[in-house]
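J.: fold the following, please.
(chains A, B, C and D)
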2 protein chains.
Amino acid sequence: MPTIRDVAKLAGVSPITVSRVINNTSYISEGTKKRVEAAVRQLGYVPNTLARSLRSRRTSTLALVLTDITNPFWTTVARGAEDAASKAGFSMMLGNTDESEEKQARYMKALLEKQIDGILFVPVGKTPAVIRMLKRQDVPVVVLDRRITGDKADVVRCDSEGGAYKLIGLLLSLGHRRIAVLSGPQSISTAEDRVQGYRRALAEQGVTVQPGLMQYGKFTVESGAEMAHQVLKLSPRPTAIFAGNNFIAIGALKAMQELHVRVPEDVALVGFDDLPANLTIDPFLTVARQPAYEMGSRAAELLLARLDGTAPRGYQEVVLPTEVEIHHSSGSPVSARGDFTAKASAR
Amino acid sequence: MPTIRDVAKLAGVSPITVSRVINNTSYISEGTKKRVEAAVRQLGYVPNTLARSLRSRRTSTLALVLTDITNPFWTTVARGAEDAASKAGFSMMLGNTDESEEKQARYMKALLEKQIDGILFVPVGKTPAVIRMLKRQDVPVVVLDRRITGDKADVVRCDSEGGAYKLIGLLLSLGHRRIAVLSGPQSISTAEDRVQGYRRALAEQGVTVQPGLMQYGKFTVESGAEMAHQVLKLSPRPTAIFAGNNFIAIGALKAMQELHVRVPEDVALVGFDDLPANLTIDPFLTVARQPAYEMGSRAAELLLARLDGTAPRGYQEVVLPTEVEIHHSSGSPVSARGDFTAKASAR
DNA sequence: CTGTTAGCGCGTTCAT
DNA sequence: ATGAACGCGCTAACAG
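T.: Residues are numbered from 1 along each chain as shown, chains lettered A, B, ... in the order given. All right, here's what the predicted structure looks like:
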């Protein structure tokens, strides 16, 4: 593998001249420039970023540590982040924590050792110890999707509380009073915030919150199905269900299908997040949709701004709005023209 | 930021001893080991992988360059690859090419400069020039999902031809004779192979292949819808459609819905790939399913085996089987018990 | 079991 | 406009 020295020898110049040509870092006469470039091509010389980074202390690499790239929501976030990083000439490392603090710690350690320039991450745990670890090493961090307590940090997330509030408001306006919420782990701020929005909406209408109607589980299909079974066997049965994320909604739909509960005729359903439009044949579920791609790109841009010092002083908290999209599952008159029972399943 | 030298000084040993303790690379007396470890903790020392890699010429980093992480198929492949890499102590870089040769070249260059140990990639173009570039730099490559021509390389892919052959065989056995195929770009081997399997199945039954029933487009929802419109306005109309991937199937379903063509009553539909089970409420589409996760993990494992020299000599071509999963969309008696029209849409 | 020497490939500093 | 020397942080090679 040729080094800068080999190129220099072939071009009849010193190594530093080659370096200057490559990095365009100083005026070089046209003649030597051409000779150097020819030598580079002839040898198939590839600069060694390791050596460069060792010297410059910058790797032009970001990391994205999230819970599970298999969830289309995170996939979209990842794509937004990668596009923004790539546009700025940065590469991206990826890791899945599966909500495990141990995996999270392992990744962080590896990333620090790799001297990456910054980290985007979805924290596991309320007060991730890793935040302090990263700060100590002076690695800029942008926290994605979730609030943290204890330490301060830049955060880019969506308005979970507001989205939930609007969804429940919709259900209330349609006459529902017994509304169940199936949320994620209480330790995750988005799960908590969605329940919080639920409570606020009910409280404002003077509807008493019944503990049995509030379920905390996991953000998975299995957990969604289980929680749905729980609330559907209550009597009186809830007339509407609010699913705390896309997987929970899918699980709830599966459960309702098993129990021959029709949506929305028997029980209305609203969700949070959705499958991307290109995975959807026929929008059916009423959801609070989060701008996932933008969340990723905004977070990456904020991180990049920190790196080049153009970000404003103090920690930023970017809260993106969630938008309610009304479809048939909520039983709203808006989508009543569509005949739910006659539509193709998305398999 | 403390270096190995600082640790050495504090522990009263030489830097190389610290290195040995950290890397467990030689017997060190318990006493000094403890002292070194204490010093590491006290200083919050983090090894600098850049320097280590510069010396050792290994980065413990793989790259995954694919077309679009937004497609659940690739997401699953990515997850399989990442899990395998992570298990072996390797990190993973990610890039999306969007089928652009220029992006592909840019990523490859950046990855080479970063001295990554190996690359998993989904090639854009039949004979990617980048393959030679990588070989020249002695970077092991495993080609994912697609055959390439010209250069030899390790390949991990699925049996597209066989899957298509089985799907069309199913349709033929159900009595279909006018079967349309909506495939991807002819330049992509999977698109070609699926058409090839289609032709072989028809030929074996003595069914004449009609050019108008064979469409090449893109692996996107829009293209799928467009191609479906094309074939559905032929007369006589095809009685069955084979969609070349998951996005094309979704596009075809959308088109058929628009045209009030019922599936499978009016036209049967079979597809290739699918949405993962946890994104699916109610399996409807008959598909040839590819083992996406396994494809990613097998590819990563092969690459890792190349790196430590345990892979067999010569290039490997791993062809994973595709499995046909029969559901209602093909009109097969197997799923006739399910009432298609009464099921919830997956939104 | 531990240390010395040297150098991985590059870019900063200072010189010419 | 170009070059020499030095060092980024770590470990291979060779002692002892």
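J.: say whether DNA strand D is contacted by stretch A:50-70.
T.: Yes: interface with DNA strand D: stretch A:50-70 contributes A:51, A:54, A:55 (Cβ under 7 Å from any atom of the strand). For the C-beta atoms, the positions are set from N, CA and C on the backbone; glycine is no exception.
J.: what's the neighbour count on the second one?
T.: In other words, residue A:54. 16 (other Cβ atoms under 10 Å in any protein chain shown).
J.: which bits of chain A sit near DNA strand D?
T.: That would be A:13-14, A:16-17, A:20, A:26-29, A:31-33, A:51, A:54-55, which are the residues of chain A within reach of DNA strand D (Cβ under 7 Å from any atom of the strand).
J.: redo that, cut-off 6 Å
T.: Taking Cβ under 6 Å from any atom of the strand, the part of chain A that reaches DNA strand D is made up of A:13, A:14, A:16, A:17, A:26, A:27, A:28, A:29, A:32, A:54, A:55.
J.: neighbour-wise, which of those residues leads?
T.: Of all the residues of chain A next to DNA strand D, residue A:17 has the most neighbours under the rule other Cβ under 10 Å, reaching 21 neighbours.
J.: show me the two of the residues of chain A next to DNA strand D that sit farthest apart.
T.: Spatially, the most separated pair among the residues of chain A next to DNA strand D is A:29 and A:54, at 29.5 Å (Cβ to Cβ).
J.: for the stretch 201-347 of chain A, give me the ranges with low pLDDT.
T.: Residue ranges of the stretch 201-347 of chain A with pLDDT under 70: A:332-347.
J.: who's in contact with residue A:35?
T.: A:11, A:12, A:13 (Cβ atoms under 8 Å, 6 or more residues apart in numbering or on different chains).
J.: before we move on, the earlier item: now, the residues of chain A next to DNA strand D that are in helices?
T.: In helices, defined here by DSSP state H, the members of those are A:16, A:17, A:32, A:54, A:55.
J.: in JSON lines, list the contacts of residue A:35 along with pLDDT and distance to residue B:287.
T.: Shown next, in JSON lines, are the contacts of residue A:35 (pLDDT from 0 to 100; distance: Cβ to Cβ, whole Å):
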{"residue": "A:11", "pLDDT": "90", "distance to residue B:287": "57"}
{"residue": "A:12", "pLDDT": "90", "distance to residue B:287": "62"}
{"residue": "A:13", "pLDDT": "90", "distance to residue B:287": "60"}
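J.: ok, so of the residues you listed, who is nearest residue B:80?
T.: Looking across the contacts of residue A:35 and measuring by Cβ to Cβ, the closest to residue B:80 is residue A:11, at 45.2 Å.
J.: which residue, other than its chain neighbours, is closest to the closest one?
T.: residue A:39 (4.1 Å; Cβ to Cβ, 6 or more residues apart in numbering or on different chains).
J.: what parts of chain A come near DNA strand C?
T.: For chain A, the contact set with DNA strand C under Cβ under 6 Å from any atom of the strand comprises A:1, A:3-4, A:15-16, A:19, A:22-23, A:47-48, A:51-52, A:54-56.
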